[in-house]
Each structure stands twice: as C-alpha cells, then as structure tokens.
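Student: Predicted coordinates and the sequence they were generated for:
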Amino acid sequence: MNDKVNSIHHDVGKRRPKKTRLITSPILLAAAAYVGINKYRQAKKLNKYMEQARTNTKHIRRVLILGDSVAKGYGSPNGGITNYLKEHLESKFGEVNVENEGIVHLTSEGLLQKLINEKLYDQQLQDSNLVFINIGGNDLLQHFHKDGARAVLKNFFKVRSNYIKNLQHIIEYIEAINPAITIVVNNLYNSLEKDYQFFGLTGVLINYWNSSMNKLAIIRVNTKELGRKKDLWADMVHPNQEGYKELSDLIIKQVSNVLEEV
C-alpha cells in the first residue's frame, strides 16, 4: 500500500503544469495594426494642422461664424457667441471684424449647399483668418420634430455618416477658397436633463458622434461641459445669454494654445 502511495506521489511530482498557449489571429493583429497606424496618421495630420494654424493666426483681423441657430445666437439678446469672441480677440489683436452668418434650422447639407451651390460666403472666407462653425444638431433634430425620439435613434448612424461626409466637403471647400484660414468646429452637446427618458442613450450616441470628428484636421471644440448646468439653457436645445458666455469660454479656452499675440 505504501509503495503504491509513494508511486503516485512520485508521478504527481514529475508532472509539469500545462503551458498556456496564446493563439493570436492574423486578422486581429492586422486590425490592431490598422487602428494604430490610423491613429498615428490622424495625430500627425492634426499636429501639422495646429502648427499651420499657429502661423496663420498671428494677425487676426476678420472672423466668420457659420452654421445653425446656435451659431446665430438664438436664445440670446446679445448675439450669442459673437460679441464674446470679438471682445476676447480684440484684447489680443486689436480691432477685429466678426461677421455672424448663422441661420436658424440649418443642417450640414444646407450649409454645404450655401457654400458650394450658392457661393454665399466666398468673399468673406477669402478675407477671414478664422472661421467658427456650429453645425450638425439639426441633422438629428429634423427627425425628432418629424417622428420623435425613436426616429432619431432609428436613423442615427445614417445621419452621422452623412454629417461627416458633409463636414468633410465643407472643410475641403473652405480650404480651397482660403488655404490659410483656421477652421474651428464645435462638437455636439447633450442639453437634455438627466431625468429625460433617453438621457443615458443620447449621451452614448453623442459621444460616438463626436468621436467620428477625430479624423478631421480641424480645431475641434469639446462642448460637453456645457450640458452639465441646468441654468444655461433658453430651451431644450439653445443656450441662454449665460450659456453662450460659457460656450464662448470653452471655445476660447480650447483655441488659446493656437492663437498667438501680435
């Protein structure tokens, strides 16, 4: 009996733990490499754009604001972001002409048409050093006004894809008109209250929407902080006067490392 027990202990002692083999799919490796290379290229492209922007904004004399009702300043008796940006820029560069061409209910497709088909802003773009753009919210809201929140969710990915294509064409057109202009684009914010039925889901979708702008060589303003304060809103979409002050502060903060004093 003891001999049998000793034999078992001996055999157990001779056993070695099994090695865990890491099996990596070539497809997964290729996908990871592709993502890594894309991120590197995007970062390199953005860094190059930022350097060009620093050079091109040493002397700011004219600024153009394009986009929707938020660009226009709807909900504010004082022109929205226009006067705040003008005041800040003039403190650094002296007299600056800020022109606001925001249009209520404008979508990204509508802005693209006004640029390319109607050529409304060619001369202003040629003469400007900076262009601020707020666009995209109405791309989603037009579905909400038509069929409610479920229509927004149903069409979200198609709308997002069309928006990015439109924005890319908008940027390309503006740069063709004026290669030296610096383009600043606000991303979407979530102005819904936390007790709203779809608040959590809209937050996820808006983050996904905004992340799709990362590949664009522009100065992108993160407006997420704006959505956290209830007293900044004139309605469910538009900031009030104090809200536009906050939005202007966010824009100024995020472009301040690009703008240089004379």
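Tutor: That came through fine. What you see is a predicted model, and the numbers here were worked out from it, not measured in a lab.
Student: Which residue ranges of the stretch 1-150 of the chain form helices?
Tutor: 2-14, 26-56, 69-72, 82-93, 108-116, 122-127, 137-147, 149-177 (DSSP state H, counting those that start in this stretch).
Student: Now do the buried residues in stretch 47-59.
Tutor: For stretch 47-59, a neighbour-count test (16 or more other CB atoms under 10 Å) marks 49-50, 53, 56-57 as buried. All C-beta atoms are positioned from the backbone trio N, CA, C, and that covers glycine.
Student: Need the helices of the stretch 1-150 of the chain in JSON lines (columns: mean pLDDT and distance to N210).
Tutor: Shown next, in JSON lines, are the helices of the stretch 1-150 of the chain (pLDDT from 0 to 100; distance: least, CB to CB, whole Å):
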{"stretch": "helix 2-14", "mean pLDDT": "50", "distance to N210": "58"}
{"stretch": "helix 26-56", "mean pLDDT": "69", "distance to N210": "15"}
{"stretch": "helix 69-72", "mean pLDDT": "97", "distance to N210": "15"}
{"stretch": "helix 82-93", "mean pLDDT": "95", "distance to N210": "21"}
{"stretch": "helix 108-116", "mean pLDDT": "98", "distance to N210": "14"}
{"stretch": "helix 122-127", "mean pLDDT": "98", "distance to N210": "25"}
{"stretch": "helix 137-147", "mean pLDDT": "85", "distance to N210": "12"}
{"stretch": "helix 149-177", "mean pLDDT": "92", "distance to N210": "10"}
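Student: closest one to V255 among those helices?
Tutor: helix 26-56 (8.5 Å; CB to CB).
Student: What about E225, how many residues nearby?
Tutor: For E225, the count of nearby residues is 14 (other CB atoms under 10 Å).
Student: Kindly report the same for A217.
Tutor: Neighbour number of A217 under other CB under 10 Å is 18.
Student: Now do whichever helix or strand V204 is part of and helix 137-147, the angle between them.
Tutor: Using DSSP states H and E, the element containing V204 is helix 199-211. Counting by axes from the mean of the first three to the mean of the last three CA atoms, to 10 degrees, helix 199-211 lies at 140 degrees to helix 137-147.
Student: Which is the succeeding secondary structure element to helix 199-211?
Tutor: Next element after helix 199-211 (DSSP H and E): strand 219-221.
Student: Mind listing residues that contact that following strand?
Tutor: 49-50, 53, 182-187, 210, 213-214, 250-251, 254-255, 258 (CB atoms under 8 Å, 6 or more residues apart in numbering).
Student: Go ahead and flag the most central residue of the protein.
Tutor: Closest residue to the average C-alpha location of the chain: N187 at 3.3 Å, with CA atoms, centre = their mean.
Student: which helices and strands sit right next to the one helix or strand K253 maps to?
Tutor: Under DSSP H and E, the secondary-structure element containing K253 is helix 241-255. Judged by 3 or more CB pairs under 8 Å, 6 or more residues apart in numbering; DSSP states H and E, the packing partners of helix 241-255 are helix 82-93, strand 182-186, strand 219-221.
Student: what lines up beside the second one in the sheet?
Tutor: With DSSP bridges as the test, strand 182-186 is paired with strand 130-134 (parallel), strand 219-221 (parallel).
Student: Can you add mean neighbour count, distance to E246 and mean pLDDT and give these back as a markdown table?
Tutor: What follows is the strands paired with strand 182-186, written out as a markdown table (neighbours: other CB atoms under 10 Å; distance: least, CB to CB, whole Å; pLDDT from 0 to 100):
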| stretch | mean neighbour count | distance to E246 | mean pLDDT |
| --- | --- | --- | --- |
| strand 130-134 | 26 | 14 | 98 |
| strand 219-221 | 19 | 12 | 94 |
